[in-house]
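**Student:** Dropping a prediction and its sequence here:
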Amino acid sequence: MVGLHKSEFKNPVINWIDTRMPVFTMMQKEYGSFPTPKNFNYFWNFGALAMVNLVLMIATGVFLAMNYAPNSAIAFDSVEHIMRDVNWGWLIRYAHMNGASMFFIVVYVHLFRGLYYGSYKTPRELLWMLGVVILLLMMATAFMGYVLPWGQMSYWGATVITNLFSAIPLVGKSIVTWLWGGFAVGNPTLNRFFSLHYLLPFVIVGVVFLHVVALHITGSNNPLGIEVKSPQDTIPFHPYYTIKDSVGICVFFIVLAALVFFAPNFFASPDNYIPANPLQTPAEIVPEWYFLPFYAILRSVPNKLGGVVMMFGAIAVLFVLPWLDTSPVRSARFRPIYRQLFWLLVVSVFALGAVGAHRPQGIWVVIGRLATLYYFLHFLVILPILGKLERPLPLPESISRPVLGGGPMPGGSTAKPMEKA
Amino acid sequence: MADTAAHSSPSGAGHSHAGHGPGDGATKRDFLKMVAGAGALVGAGAIAWPLIDSMNPSQDVLALSSVEVNLAPIPEGSGITILWQGKPIFVRHRTAAEIKAAEDVKLGELIDPQTDADRVKPGHAQWIVLIGICTHLGCIPLGNKPTDPRGEWGGWFCPCHGSQYDTSGRVRHGPAPLNLYLPPYAFENDTKIKIG
């Protein structure tokens, strides 16, 4: 498609640019007048929040990298230098550190939303899978970022996680040596982790772009999980959802500020303020909270390779979820049995989180195994069968119906369909 | 955003016609938009400032703001270079002839007129302390060692673009526009100075 764009913008400068490169028209179409289901609840804030969070992480990270030294001899000191000497260094580091936790909270709620309202179902399978890719990239980025301060938890976390790959038969050992660039976690490991920790966020930006492209082809899902039937079901993205997202963004920053200013080490392990010591493992190795459920799955399986496979499998099932769930009804609102089992899944994930934070002894082992079992049972057995057995509640005719004419209107006014989109 | 006007300011409809008196077209919504926009701008600035300021010299760099120099080992006619705040500082022990040459110059002859007395501490005319950075484009001039090229005026010679300085560190030949800068310093005793 060659040829100048016929721009409708009145401002001569914008018009001139838009004629040659219609980015303004595109932004107007995708973020201005973009037709969006009008029944979003606040769970639909979390995509925008994740975007804001990603920008926050990249911005603070770029400035941290200006003062951080990725060398095992001085990495720990350079972080302390940031905390004590660099102007506002403490603020930037605490924002980055707590921003990582906020990022996982936001993304996990985003994922919860997708699971509850069936956002992964056709035609949004690819959109969902791109989201799972983003989650994996985030986990890799967060893990490598946690290694950079070169404290005890950094060092031993890196050792434990990279050693997971030694479970691979035959080539496991060689792969681990290759990951380390040596025969233990050391300076070469730190150097490459820093390089990749800087690179991956920009890969995430790229996949987020694809995620948004896919979203703008299928359009957003909504709490009712039914398709948009007519323009009456939608409102333009701006100003309605720019404003609704702004409310969420304000709350997001309030929570982040509360963490940064009043409890900056709430999510942090005190052991990571001890410089890395290759000769002494801390008494208790605990990953960052956002990895705890996966860590619990790893430890629940009494077989090295099995545990590693199950841990990665916990993410892999999400990847194929669109084909595991056989029910054509999206929103859990209309799936009475799924809704209860969904909450059971949520409980089992939280239980796994608690198990991951405790020593694998006694009751914790039992809980860990039961929760792991249910996690996989839910995705691999229940969802394929339930779709065929469950009798969903009747779906509303359209998004507008339950909003405008779902019942008798107060004051006896009759609900007329809107005449204009 | 002409095509979203209908959506973005529903209350603005009807305000574009004449007959509304002063402030025609300006609505309460316009005011709220401006207040919200200004608030967002202040917030963005407040978030940006710590990031920008983090690029300024950090506290440990600022703490390295003074050094002490022992003058005793510097022979007459020679100078040393020391590092202060990452910059080279020339400390030169001038001979009587060099001092006289510096003092006898008529101010009219100078590119950047300044007397020699203004460039040394009273009673310590044999010591000249300069920031050893050419005022042209930041190279380090030669001339501390007696064997260095010192230029026509016996002071310093910049190898980059040929600027020449006299024994008081004043520029005598371009392209440098200004005399070599003086660092803040004080004599602690006759053989010791503190720079910074």
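**Tutor:** Ah, there it is. If you're wondering where the values come from, they're calculated on a predicted model, not measured in any experiment.
**Student:** Could you show which parts of chain A are in contact with chain B?
**Tutor:** When proximity is defined as CB under 8 Å from any CB of the partner chain, chain A approaches chain B at A:8-10, A:28, A:32-33, A:59-60, A:63, A:66-67, A:81, A:84-89, A:91-92, A:235-236, A:238-239. Quick note: C-beta positions are derived from backbone N, CA and C, even for glycine.
**Student:** How about whichever residue of chain A sits closest to chain B: what's its closest non-neighbour residue?
**Tutor:** At 3.5 Å from chain B, residue A:88 is the closest residue in chain A, using CB to the nearest CB. For residue A:88, the nearest residue in space outside its immediate sequence neighbours is residue B:50; the separation is 3.5 Å by CB to CB, 6 or more residues apart in numbering or on different chains.
**Student:** cool, and residue A:311?
**Tutor:** Nearest non-adjacent residue to residue A:311, counting by CB to CB, 6+ apart: residue A:298, 4.4 Å away.
**Student:** Equivalent analysis for residue A:288, please.
**Tutor:** Skipping the residues right next to it in sequence, residue A:288 comes nearest to residue A:146 by CB to CB, 6+ apart, at 6.0 Å.
**Student:** mind checking which helix or strand that neighbour is in?
**Tutor:** Residue A:146 is located in helix A:125-147, with elements delineated by DSSP states H and E.
**Student:** mean confidence for that helix?
**Tutor:** On average, the pLDDT along helix A:125-147 is 96.
**Student:** do the same with stretch B:50-68
**Tutor:** 86.
**Student:** circling back: can you classify the residue nearest to residue A:88 as helix, strand or coil?
**Tutor:** helix (DSSP: H, G, I helix; E, B strand; the rest coil).
**Student:** what about it, how many residues close to it?
**Tutor:** Residue B:50: 17 surrounding residues under other CB atoms under 10 Å in any protein chain shown.
**Student:** contacting residues for it?
**Tutor:** For residue B:50, the set of contacting residues under the criterion of CB atoms under 8 Å, 6 or more residues apart in numbering or on different chains consists of A:87-88, A:91-92.
**Student:** tilt between the helix or strand residue A:204 falls within and helix A:125-147?
**Tutor:** Using DSSP H and E, residue A:204 falls within helix A:187-218. On the basis of axes from the mean of the first three to the mean of the last three CA atoms, to 10 degrees, helix A:187-218 is oriented at 160 degrees to helix A:125-147.
**Student:** Can you list the residue ranges for helices in chain B?
**Tutor:** Here chain B has its helices, by DSSP state H, at B:5-8, B:28-53, B:59-63, B:96-104.
**Student:** quick revisit: pull out the buried members of the residues of chain A next to chain B.
**Tutor:** Applying 16 or more other CB atoms under 10 Å in any protein chain shown to the residues of chain A next to chain B, the neighbour count classes A:9, A:28, A:32-33, A:59-60, A:63, A:67, A:81, A:85-89, A:91-92, A:235-236, A:238-239 as buried.
**Student:** Sort out for me which of those are in helices.
**Tutor:** In helices, defined here by DSSP H, the members of these are A:59-60, A:63, A:81, A:89, A:91-92, A:238-239.
**Student:** Tabulate the residues you listed (CSV), appending pLDDT.
**Tutor:** Shown next, in CSV, are those (pLDDT from 0 to 100):
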residue, pLDDT
A:59, 96
A:60, 96
A:63, 96
A:81, 95
A:89, 96
A:91, 96
A:92, 97
A:238, 91
A:239, 89
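**Student:** With distance to residue B:162 added, can I get those residues in TSV?
**Tutor:** As requested, those are exported to TSV (distance: CB to CB, whole Å):
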residue	distance to residue B:162
A:59	45
A:60	47
A:63	41
A:81	41
A:89	43
A:91	48
A:92	45
A:238	62
A:239	64
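**Student:** Need the max-distance pair from those.
**Tutor:** With distance counted by CB to CB, no two of those lie farther apart than A:81 and A:239, which are 44.8 Å apart.
**Student:** any idea of the pLDDT on residue B:10?
**Tutor:** Predicted confidence (pLDDT) at residue B:10: the value is 42.
**Student:** Distance of residue B:192 relative to residue B:70?
**Tutor:** Using CB to CB, to the nearest Å, one obtains 6 Å as the distance from residue B:192 to residue B:70.
**Student:** Strands along chain A, start to end?
**Tutor:** A:35-37, A:234-236 (DSSP state E).
**Student:** Can you tell me which of these is nearest to residue A:396?
**Tutor:** Using CB to CB as the criterion, the shortest distance between residue A:396 and the strands of chain A is 12.4 Å, found for strand A:35-37.
**Student:** Show me what residue of chain B gets nearest to chain A.
**Tutor:** Nearest to chain A in chain B, going by CB to the nearest CB, is residue B:50, at a distance of 3.5 Å.
**Student:** tell me the contacts of the residue lying closest to residue A:136 once chain neighbours are set aside?
**Tutor:** With sequence-adjacent residues excluded and distances taken as CB to CB, 6+ apart, residue A:136 is closest to residue A:315, at 6.3 Å. Neighbouring residues of residue A:315 by CB under 8 Å, 6+ apart: A:132, A:135-136, A:294.
**Student:** Buried among those? Make that a PyMOL selection.
**Tutor:** One line in PyMOL is enough to select the buried ones among the contacts of residue A:315; burial here means 16+ other CB under 10 Å:
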select buried, chain A and resi 132+135+136+294
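**Student:** could the contacts of residue A:315 be laid out in TSV, adding distance to residue A:400?
**Tutor:** Shown next, in TSV, are these (distance: CB to CB, whole Å):
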residue	distance to residue A:400
A:132	32
A:135	34
A:136	38
A:294	42
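**Student:** Just give the number of residues close to residue A:386.
**Tutor:** Taking other CB under 10 Å as the criterion, the count of residues near residue A:386 is 17.
**Student:** and it, what pLDDT?
**Tutor:** Confidence at residue A:386, expressed as pLDDT, is 95.
**Student:** roughly how far out does stretch B:182-196 sit from the chain middle?
**Tutor:** Between the mean C-alpha location of stretch B:182-196 and the chain-wide mean there is a distance of 20 Å, by CA atoms, centre = their mean, to the nearest Å.
**Student:** repeat for stretch B:64-84
**Tutor:** Relative to where its chain is centred, stretch B:64-84 has its mean C-alpha point 22 Å off (CA atoms, centre = their mean).
**Student:** same question, stretch A:72-91
**Tutor:** Centroid displacement of stretch A:72-91 relative to its chain, using CA atoms, centre = their mean, is 28 Å.
**Student:** what stretches of the chain score poorly on pLDDT?
**Tutor:** No chain in the question, so chain A it is. A:1, A:402-421 (pLDDT under 70).
**Student:** not what I meant, chain B
**Tutor:** Across chain B, the stretches falling below the confidence threshold (pLDDT under 70) are B:1-24.
**Student:** Do a quick rundown of the strands in it.
**Tutor:** With strands called from DSSP E, chain B shows them at B:67-70, B:79-84, B:87-93, B:127-131, B:154-157, B:164-166, B:171-173, B:185-189, B:192-195.
**Student:** ok so, going back, list the contacts of the residue nearest to residue A:288.
**Tutor:** By CB under 8 Å, 6+ apart, the contact set of residue A:146 is A:153-154, A:157, A:288.
**Student:** The same query, at a cut-off of 7 Å, please.
**Tutor:** A:154, A:157, A:288 (CB atoms under 7 Å, 6 or more residues apart in numbering or on different chains).
**Student:** a markdown table please, covering those residues and showing neighbour count and distance to residue A:201.
**Tutor:** Shown next, in a markdown table, are these (neighbours: other CB atoms under 10 Å in any protein chain shown; distance: CB to CB, whole Å):
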| residue | neighbour count | distance to residue A:201 |
| --- | --- | --- |
| A:154 | 26 | 19 |
| A:157 | 24 | 19 |
| A:288 | 22 | 17 |
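**Student:** Helices - which of the residues you listed land there?
**Tutor:** When the contacts of residue A:146 are checked against helices (DSSP H), the matches are A:154, A:157.
**Student:** Any chance of JSON lines for the contacts of residue A:146, columns distance to residue A:277?
**Tutor:** Formatted as JSON lines, the contacts of residue A:146 follow (distance: CB to CB, whole Å):
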{"residue": "A:154", "distance to residue A:277": "11"}
{"residue": "A:157", "distance to residue A:277": "14"}
{"residue": "A:288", "distance to residue A:277": "20"}
